[in-house]
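> sequence and predicted structure below; questions after.
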Amino acid sequence: MIKVAVCGAAGRMGQRIIVAVKEAGCQISGALERPGHEQIGQDAGVIAGCGPLGVAITDDLNAVVEGCDVLIDFTTPKVSLKNLEVCSLKKKSIVIGSTGFTPEERALAAELAREIPAVLAPNMSVGVNVCFKVLKDVATILGDDFDVEIVELHHNKKKDSPSGTAVRMGEVVAEALGRDYNKVANYHREGICGERTKEEIGMQTVRGGDIVGEHTVYFIGQGERIEISHRAMTRDMFSRGSARAAKWVVGQKPGLYDMQDVLGLK
Ligand SMILES: NC(=O)C1=CN([C@@H]2O[C@H](COP(=O)(O)OP(=O)(O)OC[C@H]3O[C@@H](n4cnc5c(N)ncnc54)[C@H](O)[C@@H]3O)[C@@H](O)[C@H]2O)C=CC1
Ligand SMILES: O=C(O)C1=N[C@H](C(=O)O)C[C@H](O)C1
């Protein structure tokens with residue numbers, strides 16, 4: 001049985017991941033939280049609502065990584081990079097769902113994953129990963145005649161903007177159109193900001209209430225518009241996806257993978 005540890009165990013995603021990992025037939029071997037977290041010492045299964053697991057939440061990263069085959073980490077980029085470093089030293093696999101990585105942090109993640117198999121993906125759902133595939137085709141077919149705008153909606157506790165999924169959608173479309181996402185992404189329009197350029201990809205963010213996550217890519221032409229939308233109704237397909245990634249990544253060759261690799265969509 002694969003031994004899975006969860007980092008960010010008391011978080012919105014961490015709790016659902018503990019349930020999904022258990023349902024996927026894996027053993028929860030450890031549960032990590034930040035030093036000083038009020039639920040340290042409590043049973044991770046009780047906190048997640050799936051009954052006692054006999055695994056106390058701890059902040060001892062080295063011990064937890066030592067005791068697992070794979071660490072699932074849904075926290076923040078800085079914490080994830082530290083976890084990746086420790087997993088690399090101890091030759092353990094890792095699945096990272098945190099979002100908000102800068103291009104430099106992503107490059108560092110690829111460097112740190114040279115010795116171990118690692119999955120880093122901004123969205124673990126099957127639906128969003130199918131959207132990534134479809135978006136590439138749609139952008140390639142439509143070419144430069146359609147303006148591209150991306151809108152994402154999330155809950156009011158989300159810390160990063162735009163979402164990792166929206167950024168990846170922008171990158172997929174930009175690459176299909178032969179553009180550099182970091183040059184053409186437009187995050188802000190205000191005042192007399194001038195006409196829209198042909199190349200830019202508008203990135204808009206909405207935050208409020210308990211929205212789990214919604215993404216729409218608009219391809220806007222003359223007299224017609226295509227919208228490719230994904231709406232997450234619960235966090236469960238993210239957590240099931242991360243359990244699936246954890247089972248997949250153990251035993252892969254070292255390197256940085258994403259959810260499209262896990263799902264065989266490449
Ligand atoms: N890839 C995907 O499919 C998805 C990714 N996410 C991303 O996952 C991340 C977490 O999201 P949520 O669970 O909503 O946030 P959250 O804030 O509810 O949970 C994060 C948890 O990490 C803990 N944490 C912080 N520092 C830590 C440390 N040093 N060691 C151990 N634990 C630490 C926090 O105390 C907190 O409990 C975000 O970046 C979010 O964008 C969220 C949903 C799906
Ligand atoms: O923070 C969230 O909640 C989510 N974050 C991910 C992202 O930034 O893309 C995925 C999902 O939309 C939920």
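Received, thanks. Ligands and ions are numbered 1, 2, ... in the order given.

> alpha carbons only for contacts and neighbour counts from here, please
OK.

> return the set of residues that bridge with residue 204.
Legend: beta-bridge partners of residue 204 under DSSP bridges are residue 151.

> ok, it to ligand 2 distance?
13 Å (CA to the nearest ligand atom, to the nearest Å).

> please apply the same query to residue 3.
Residue 3 is 25 Å from ligand 2, where distance means CA to the nearest ligand atom.

> please, where are all the strands along the stretch 101-250 of the chain?
Here the stretch 101-250 of the chain has its strands, by DSSP state E, counting those that start in this stretch, at 117-120, 147-154, 185-186, 201-207, 213-220, 225-232.

> can you lay out those strands as JSON lines showing mean neighbour count, distance to ligand 1 and mean pLDDT?
Compiled in JSON lines, these are given as follows (neighbours: other CA atoms under 10 Å; distance: least, CA to the nearest ligand atom, whole Å; pLDDT from 0 to 100):
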{"stretch": "strand 117-120", "mean neighbour count": "26", "distance to ligand 1": "8", "mean pLDDT": "98"}
{"stretch": "strand 147-154", "mean neighbour count": "21", "distance to ligand 1": "10", "mean pLDDT": "98"}
{"stretch": "strand 185-186", "mean neighbour count": "18", "distance to ligand 1": "19", "mean pLDDT": "98"}
{"stretch": "strand 201-207", "mean neighbour count": "19", "distance to ligand 1": "13", "mean pLDDT": "98"}
{"stretch": "strand 213-220", "mean neighbour count": "20", "distance to ligand 1": "8", "mean pLDDT": "98"}
{"stretch": "strand 225-232", "mean neighbour count": "15", "distance to ligand 1": "10", "mean pLDDT": "98"}
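
> what would these look like in CSV with distance to residue 50?
Listed next are the strands of the stretch 101-250 of the chain as CSV, based on distance: least, CA to CA, whole Å:
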stretch, distance to residue 50
strand 117-120, 26
strand 147-154, 26
strand 185-186, 42
strand 201-207, 30
strand 213-220, 24
strand 225-232, 22
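
> residue contacts, residue 162?
152, 203, 204, 205 (CA atoms under 8 Å, 6 or more residues apart in numbering).

> and the pLDDT at it?
Listed pLDDT for residue 162 reads 98.

> give me phi/psi at it?
phi -70, psi 170 (degrees, to the nearest 10).

> for residue 158, what are its contacts?
Applying CA under 8 Å, 6+ apart, we find residue 158 in contact with residue 207.

> show me the contacts for the residue positioned nearest the centre of the chain.
Among the residues of the chain, the one closest to the centroid is residue 122, at 2.2 Å (CA atoms, centre = their mean). Going by CA under 8 Å, 6+ apart, residue 122 touches 97, 98, 99, 164, 165, 168.

> dump those residues into JSON lines; add neighbour count and distance to residue 51 as well.
Output for the contacts of residue 122, formatted as JSON lines (neighbours: other CA atoms under 10 Å; distance: CA to CA, whole Å):
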{"residue": "97", "neighbour count": "25", "distance to residue 51": "25"}
{"residue": "98", "neighbour count": "24", "distance to residue 51": "26"}
{"residue": "99", "neighbour count": "23", "distance to residue 51": "29"}
{"residue": "164", "neighbour count": "18", "distance to residue 51": "32"}
{"residue": "165", "neighbour count": "22", "distance to residue 51": "32"}
{"residue": "168", "neighbour count": "16", "distance to residue 51": "36"}
